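J.: return atomic coordinates for the entry below.
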Amino acid sequence: MTDMGYLYEKGVESEETGQVILKTDSERAHQYYLEAARHNFPRGLNNLGSFYQLDPIYKNPTKSLEYFNQAIEAGYVKAMFNLGLCYSKGFLKTTDRDKAKKLFKRAAELGDHYSKLFYVDMLLNGDTSNCSEDELYEANKFCREMIAEEE
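T.: Numbers count the residues shown, from 1 in each chain. Sure thing, here's the model as predicted:
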């Protein structure tokens, strides 16, 4: 269900010819994501949160927040990153850097690569005078982990 929603959300083109195989269809994508959410599929909940964040027809920050939180409760780490991104960029009509930092940190501790990057960026490219020694140590640790992952 989640995969079908994604296919309808993004559409599909032939890699060889560029011909459209499946046209984007927001309504069908929405229906598939809703069905996945009804079954409490964590990735489906996350994708529905993203859909409500990005789709121009269905854009609804309140529902986006609701579904990201449900995905987080279901243990979907990528939803922590996505919600952190929403808070850091103000996609939920408000910016909350503290909530974003906490979400990025939590997801980073669970191994999410992008969350490590964003957490480190928030610490080192923001006002470092507000960072504790523990936070700076943790940023260093995440940097070392990311380097080790690349080797």
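J.: where does this protein dip in pLDDT?
T.: 127-129, 151 (pLDDT under 70).
J.: break it into its domains for me.
T.: The record assigns the chain these domain ranges, following automatic domain parsing: 1-75, 91-151.
J.: where along the protein do the helices fall?
T.: For the chain, the helices defined by DSSP state H occupy 2-10, 26-38, 42-54, 61-73, 77-89, 97-109, 113-124, 133-150.
J.: as CSV, these with distance to Gly18 would be great.
T.: Backbone N, C-alpha and C define where each C-beta goes, glycine included. Below are the helices of the chain laid out as CSV (distance: least, C-beta to C-beta, whole Å):
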stretch, distance to Gly18
helix 2-10, 15
helix 26-38, 21
helix 42-54, 24
helix 61-73, 32
helix 77-89, 29
helix 97-109, 36
helix 113-124, 29
helix 133-150, 33
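J.: got JSON lines for those, with distance to Thr17 and mean neighbour count too?
T.: Below are these laid out as JSON lines (distance: least, C-beta to C-beta, whole Å; neighbours: other C-beta atoms under 10 Å):
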{"stretch": "helix 2-10", "distance to Thr17": "18", "mean neighbour count": "18"}
{"stretch": "helix 26-38", "distance to Thr17": "23", "mean neighbour count": "18"}
{"stretch": "helix 42-54", "distance to Thr17": "27", "mean neighbour count": "24"}
{"stretch": "helix 61-73", "distance to Thr17": "35", "mean neighbour count": "19"}
{"stretch": "helix 77-89", "distance to Thr17": "32", "mean neighbour count": "22"}
{"stretch": "helix 97-109", "distance to Thr17": "39", "mean neighbour count": "20"}
{"stretch": "helix 113-124", "distance to Thr17": "33", "mean neighbour count": "20"}
{"stretch": "helix 133-150", "distance to Thr17": "35", "mean neighbour count": "13"}
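J.: identify the residues contacting the nearest residue to Phe41 once chain neighbours are set aside.
T.: Once flanking residues are discounted, Phe41 sits nearest to Thr2: 5.7 Å by C-beta to C-beta, 6 or more residues apart in numbering. By C-beta atoms under 8 Å, 6 or more residues apart in numbering, Thr2 lies in contact with 32-33, 36, 41, 43-44, 47.
J.: Gly49 contacts Ala71, correct?
T.: Yes. The pair formed by Gly49 and Ala71 meets the contact definition of C-beta atoms under 8 Å, at 6.2 Å.
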